[in-house]
Structure formats: structure tokens, C-alpha cells
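Here you go, sequence then predicted model.
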There are 2 protein chains.
Amino acid sequence: MTETSNSIAAIRGQFLDFTDVIDSPSELEKMLRHFEDGLLLLRNGHIEWFGAWEEGKSKIPENCSIQHYPDKLIVPGFVDTHIHYPQAEIVGAYGEQLLEWLDNYAFPAEKQYKDKEYAAKMADFFIDQLLRNGTTTAMVFCTVHPESVEALFSAAEKRSMRIIAGKVMMDRNAPDYLLDTPESSYNESKKLIEKWHKRGRLLYAITPRFAPTSTAEQLEMAGKLKSEFPDTYVQTHLSENHDEVEWVKELFPEQENYLDVYHHHGLTGSRSIFAHCIHLEEKEWDCLHKTDSAIAFCPTSNLFLGSGLFKLDHAWDKRVKVGMATDIGGGTSFNMLQTSGEAYKVMQLQKQKFSAYEAFYLATLGGAKTLSLDHLIGNFNIGKEADFVVLDPVATTLQEKRLEKSKNVADSLFSLIILGDDRSIFHTWVNAERVYKREKNE
Amino acid sequence: MTETSNSIAAIRGQFLDFTDVIDSPSELEKMLRHFEDGLLLLRNGHIEWFGAWEEGKSKIPENCSIQHYPDKLIVPGFVDTHIHYPQAEIVGAYGEQLLEWLDNYAFPAEKQYKDKEYAAKMADFFIDQLLRNGTTTAMVFCTVHPESVEALFSAAEKRSMRIIAGKVMMDRNAPDYLLDTPESSYNESKKLIEKWHKRGRLLYAITPRFAPTSTAEQLEMAGKLKSEFPDTYVQTHLSENHDEVEWVKELFPEQENYLDVYHHHGLTGSRSIFAHCIHLEEKEWDCLHKTDSAIAFCPTSNLFLGSGLFKLDHAWDKRVKVGMATDIGGGTSFNMLQTSGEAYKVMQLQKQKFSAYEAFYLATLGGAKTLSLDHLIGNFNIGKEADFVVLDPVATTLQEKRLEKSKNVADSLFSLIILGDDRSIFHTWVNAERVYKREKNE
């Protein structure tokens, strides 16, 4: 771990979190913890005490200033389980579904990240966007260039953020200027792992883009890396789009299904996160469950790229871990509140319920569990790392009117996910330091 | 017409509109009019001259101050073809599809509008929300109470807005406290028509809520009103949700289909606007076309209530007029940019294209055509009423970054609908007066 500041801090306000991970949304209310007037004591980047203000106020050390947030709502920092930092600049690019969108927008944008200075500038921009949206942990795709990974980790380290990221491995079916080879991708990834994995709060993810852009030889190298560094992560894409699924079947006729391409190369497991998973076969669900692999649910991109509707209810039934993800730039917002609103629509179109509690769970402790980080982040349990976000429930006049009619906490939370945006993020704290402050509201 | 101000004004900036109505999206580029540096001259609430700055600057009268908007984009005021003002306060209500949502949220909220003072307060709030989102014309559902209509028209008249609205007619299948009778609904509507229809810029719409909440006797009275006041409008709902469609078939077994219930009672025609139309039968499409009736496309509510996906491409094929609509509170945003972004998703899920030009057309001139107001509003043609909106393309840091990468006007417009919100609305002008000014940005 990096040295965390030796400071102490006391935070007073309304708090909401979930005390433990769940196997079914029916357990959400049991795990809900809500203090109308609560206290959070921070020391050395960690949570030292958490509870009701009346119970805790005597524990506040002398000379410790108290940051009081009346009329706000404090929740654990948001966890974004799938996002591409080099795509921030092409958010809202027009008109295509997945494969054409990659060719026309994503690949040309990624070309620029070979340039160290450009990558550094964009990494700073990206981290700033995360923080202004209350996201304190993210699992991030960089580009094929090691420079892009160096830039991102450096930017995250400056803010002491817990970030998981990796260099894209891609040796075919992309423009030449973005291709590596099985050997170079192995060597470059290994070097990055040795330099960055578990440095401070940073973690490395082995990152084959997706099966169509890697040869079997490259996937084999990815599996070799994973076996040599078993506590690293794996992140990739799985079953986002029908054409993609068909393509994978053509490219890997010897594998039983799309997921099997990864599984065969040792890339499933409890630290493997598969983005999308919209069109899975039942056997793929079973494999995800058995290998304790996880899914990044990207609702905005489901809709914006017209990929389809993720079966969240089925994931619960199959006991497969799911985290929420923005998928910038297939998604169009960095904001986890807006992303949750999109998840609600994805579920409504399937005639399924999706409560605000479920949204906040998935965006905090559920996301942490997905990333096998629930022992470190995701709620206010004592000893956890102090990442949290101070939400303003009335950032707009419409929210103000709506909140007058709010019946209970669940209703207020739901308004936040439907009407909220970056203006709802009042302050963001990372590692017990305030790293973002909303400058003006509307 | 009301007295419009005898003032003159000159507006300079970047302008974009469509010169004429179209029958197919393929004609959009032909009708597109774009001045990087344009001039709009206003007199007495109307457009006196419009064109390139260099060509027009000598026409500016002496003593006429020039409002210059560098780095902005000026478009005709947005037209919202379907919205419920008493539902502004229940935007983002949780968890239900149409019929349950009505019972649990919409009906209880509407009860309050019997109170004149409450209705007046909320009408002001509603009009303010329209203007802060750049909407200058809307077709509005009030409640069953004449007081609600009085309040809305009064609020709109204060701002000289072109608003179409009417009292809901509803004599069954709703709580007692919201029911009228065939006779009372006829009498009250008639009185409101005589007082408000064509008073200044205001217009009246005969407003049976939807077939399930009106008896055949009430629909007959609605038809009688329409025949007695043929230049009034009709607004109602049609084929939003599968359960609703089934219900209508049970309630009106003698009619061939849902639309036929309205058609049979003389409620179709060139000033009839049907909201939703998601699950239409082919015969209903034919009837809409033959009667020159129009559709209000409500994409946010399609998704938020999980109603289904409107077939916009089919509407073009069948030559049925379509306008864009927020459908507050089944929709969750007053903003036409965000609504257009939702329309894009609805189309993507159907593997259909939806360009920014099409979005801006539907939200301006297409909406005006839908409401048979295209001779008065919808673009910058000389003689038209001067309603327009000054957009800020870079209201957020993300938009700023995105715009650096923009390739052309279409791309910039698309970014606006995907990343824009109320902050994108810099100023709103109605009837040649500035009626809204963004106070702060982020």
C-alpha cells in the first residue's frame, strides 16, 4: 500500500449503504443501513468508526474538524466495472452498432494513445470525469500501447484511487496501427504487471480486447500471464452483439461457445470480468457460475448501440456476480445514477422490476464484490478504505419539486437515479481526502 | 391574436432550421438551412428577415440593439406534442407499467388540481420547466378539473406562449374523485373552448383521456364538440401498452380496433394527435393516414414504462405525421435533446437509423406540422412567430472535449442530443421576447 495520509476526519450527515453482499435482491432490505444523522470517522485513509451521530460524537478526537453535510446523502463511492478511457472523447458517436462503431470511431480514437503526452492529458481528463461523477473505483480498458497504461496508472496514483486497468491485447482484425503480437503483448503486459500491480491501490487486469481481435496464440499468452500472476485480473468482452457472437463461432469453430474460447485458455475465474453478456447460452451461464467469473452490466450501451437487453434477473437466478458499468464510450454517461436509470429501462422492457436499492447495491458493494474488492471497499464497515460520495438530492428545480412528494428513502433514491446527473455529485472523497467539489450548481 | 410588442430586435449567431416539411428523412439534407453567421430580424413578435449576416446587416434599423450569440447555435423553439402538466410532480415514479402507474401515481397526483391555487402554482412551475428546456409550444393534458385548464392557459398567456391544452374527459375506470359525466364534460369543455380557443396564441384540444376511461356516451359528446368547433384539436392516447389494447377490445367489442373507437366517434382528423401508437395494427396505420391524423412519439416513456418501441420508420412509410413528445410524467425529462437521445435508442433497438437532423426536424418543424401549426412556427421563415432557442453546445466539460473531435454540423448536433440537457439551453425566446436565461452553468 502507498502511505496514506496520517490525518483524521469526521463526517456527519445522512448515510446509506449495504452491510453485506447478497445472493438475491430479496435480501436487500435486510442489508440496508441508513442513518438519518450519522457519523463516519476516518483515519489514515480508512474508516475507523461508523454509526449514529448521537452514539459516536463522543468518539471524535479533539482538534478533529467535523465536516457536516446537512440535506445531503452520503453513500460509498461508485464502482464502475467496465469503461474505456480512450473512448471518452468519442462519447455519443453516431449511428452504428458494435462492429461498425469499432471501425469508424473507437479504433481511430485509440490510435492517439501511443503518444505519451496525449495519453497523460486524456488520463487526467478521464480521472476528473470519474470523480465529478462520484466514481472512485473503475476497471478500465486502456489501448494497445503500454504508454496508455502508464498514463492512466500515473493519473490514478496521484489521487490515490483504487483503479484496475490493463493494456489491450489485440493481434488481428483491427487496423495495423493498433496491432501487437502474442509475444509483444505478453512481454509488455508482464512488464506493466511487475511495475504497477498492487502498487498502492492500483491493480492490473490482463486485457484481451475480445475473442475476434486475438488469435488463439495470443489468448494462450494471456492465459500464461494469468497463471504466472494469479492475483491479477482478466477483463474482456463477451456476447454483446449477435453479429459478434456469430463471428466468434466462425473464428473459433473448435470451441463450444463464445465463453469457452476464454475458458479454454484459462481466462475465467473469480477475478475475471466479462462485459455485456447479453446473448449468453445456458451453458455459458453455467460456466460463469462454476468458475466464479463476473459480469459487467452496461445498460446505456445496451440501448445506445442497440445491442440488446441484459438478463439481470437470470444472473441472480444463476448466482453470477454482476456489477454496474458505464462502458464509456459505447455508453454515453460517466454517471452511475444515469447508468442506473438506463438499467431500469432495460429491465422495464423485459417486464422486470429494478429497485433503487438494487441500483445502489450494484453500484457500490455489488460492484466491489464483482471486482473481488468487497473486503476493501463498497460500504462503510470499519477498516474499509474511505471512498465515498456526497450526493445532493435536489440539484435541479425539478428534483426539488419531486422530492417534496417523496414518500420514503427508496422513493428519494429512485428519483436520484431517474433525474440525477453529474450535478447530483456534491463532493467526492477518495482515500479519506476530498478530491472533487462541485463548483456551481444550476 | 394578442397584442404583440411593437419592439424590434436583431439576433446574430449560428442558425439552423429546415425550410419546409418533408415526406421522408431522405429529404432532410435538402431542406436543411444553416448559417454559420446569420441574422434574424424580429418585429412585433414575428420574423421580419432571416439570412446571412453579411447580406442582412444593412437591413438592421437604426437604434435597434443587436443581440450577438457567438459560439452558440440558434434553432426554432422546440415543440412538445404530448405532455401532462399535472404529472410534473411525479416524474420518475417507481416500478410500474402503464395501468398500475396510472392508479398508483398519476390519478392521486391529479386530484390536487381541483384546487385553483395549487393548479396555478403548478402551472407556473410547468411553464418554467418548458422554457428552461427550450420548449416554446406544447400540447398539454390538464386534469378533469376546469380549474386546471384555466390555470395553465393563464400561465401560458402571461408568457404569450403558443399552447394547446384541454380538460381531461373521463367518466369511468378511474377514482370517483376524478370522474366527470358525458354531460358535464361536454358543458365544461364547451365553456373552456368559448373562453380560450384562439385567444391570443392559445388553442383548445378536446381531451378524452383514452378509450378505457370514457364511455361510448362520453366519446359521442367529444365528437359532438369536435363537430361544433371543427378548428379545435383532439388529443388522446392510443395503443401504448399490450394490456391496454386488450382492455379496449373488451370494452368496445363492437369496434374493429382501438383507433376505430375514436374514429367511429368523429375524433380522427388533421388536428387529432394520438400519443404513443406503439402496437398499431396495419388497419390503424391506414386510418391514421387517410384521416390525416398525427402521432406523438414518446420515446422516454416507451422505455421508462417499458411499453415497447415505436415504429418511426413505418410511420414515414405510411405517411403519417409524427411529432416528438416528452410525455412527462410517463417520460422523465422535459428536455427535447434528451428526448431525442431516447428516440435514438428506441431506433437502435430496432436496428434503424435516427439522425440528428431527423431529431431536430421532428422537434421543430415536424412537430409544428403534426400540430397543423407549420404555417406559424417551426422554422425561421419570414412572417413566422418568433419562438427560438439559443443552444450552448459546450455546457459541460465532457461536451467540450467531445466537440473538439466533432467532424461537422451533423456530428455536433448528435453530440447535443446525446450529451445535452437543460444546461444546453442558454436562452429561450418566445414571441420575440427573451423569456428564459440560464443563470449558471456547471
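Alright, I've got the coordinates.

State the three-state secondary structure for the residue of chain A most remote from its centre.
Farthest-out residue of chain A from its mean C-alpha position, per CA atoms, centre = their mean: residue A:62, at 37.2 Å. Look at residue A:62: counting by DSSP: H, G, I helix; E, B strand; the rest coil, its state is coil.

count of neighbours near the closest residue to chain B within the stretch 1-150 of chain A?
Among the residues of the stretch 1-150 of chain A, residue A:92 lies closest to chain B, at 3.2 Å counting by CB to the nearest CB. Every residue, glycine included, has its C-beta placed from N, CA and C. Each residue near residue A:92 was counted by other CB atoms under 10 Å in any protein chain shown, and the total is 24.

again with the one 4 residues further on
Taking other CB under 10 Å as the neighbour definition, residue A:96 ends up with a count of 17.

which intervals of chain A have sub-threshold pLDDT?
A:1-6, A:440-442 (pLDDT under 70).

so residue A:164, which of the three states?
Residue A:164 - assigned by three-state DSSP - is strand.

List the contacts of it.
Taking CB atoms under 8 Å, 6 or more residues apart in numbering or on different chains, we find residue A:164 in contact with A:137-140, A:202-205, A:233, A:235, A:371.

Can you name the residues bridging to it?
residue A:139, residue A:203 (DSSP bridges).

measure it to chain B for me?
23 Å (CB to the nearest CB, to the nearest Å).

swap in residue A:253?
Residue A:253 sits 27 Å away from chain B, taking CB to the nearest CB as the criterion.

ok, of the contacts of residue A:164, which one's closest to residue B:325?
residue A:138 (36.1 Å; CB to CB).

Neighbours of that closest one, how many?
Residue A:138, neighbours per other CB under 10 Å, totals 28.

Tell me how far the residue farthest from the centre of chain A lies from residue A:10.
Remark: distance between residue A:62 and residue A:10 (CB to CB, to the nearest Å) = 11 Å.

now swap in residue A:27 and tell me
31 Å.

Mind telling me which residue is nearest the centre of chain A?
With distances taken as CA atoms, centre = their mean, the residue of chain A nearest its centroid is residue A:80 (1.5 Å).

Break down the stretch 51-200 of chain A into its helices, ranges please.
Taking DSSP state H, counting those that start in this stretch as the criterion, the stretch 51-200 of chain A contains helices spanning A:53-56, A:98-101, A:107-111, A:116-132, A:146-158, A:182-196.

As TSV, these with mean neighbour count and distance to chain B would be great.
Formatted as TSV, those follow (neighbours: other CB atoms under 10 Å in any protein chain shown; distance: least, CB to the nearest CB, whole Å):
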stretch	mean neighbour count	distance to chain B
helix A:53-56	15	29
helix A:98-101	18	11
helix A:107-111	19	8
helix A:116-132	21	6
helix A:146-158	23	15
helix A:182-196	18	26
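
For those, could you give me CSV that also reports distance to residue A:404?
Formatted as CSV, those follow (distance: least, CB to CB, whole Å):
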stretch, distance to residue A:404
helix A:53-56, 25
helix A:98-101, 42
helix A:107-111, 44
helix A:116-132, 27
helix A:146-158, 40
helix A:182-196, 49
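
So which of the contacts of residue A:164 is surrounded by the most neighbours?
Going by other CB under 10 Å, residue A:137 tops the contacts of residue A:164 with 31 neighbours.

contacting residues for that residue?
Neighbours of residue A:137 in contact, by CB under 8 Å, 6+ apart: A:77-80, A:161-164, A:367-368, A:371, A:373, A:377, A:387.
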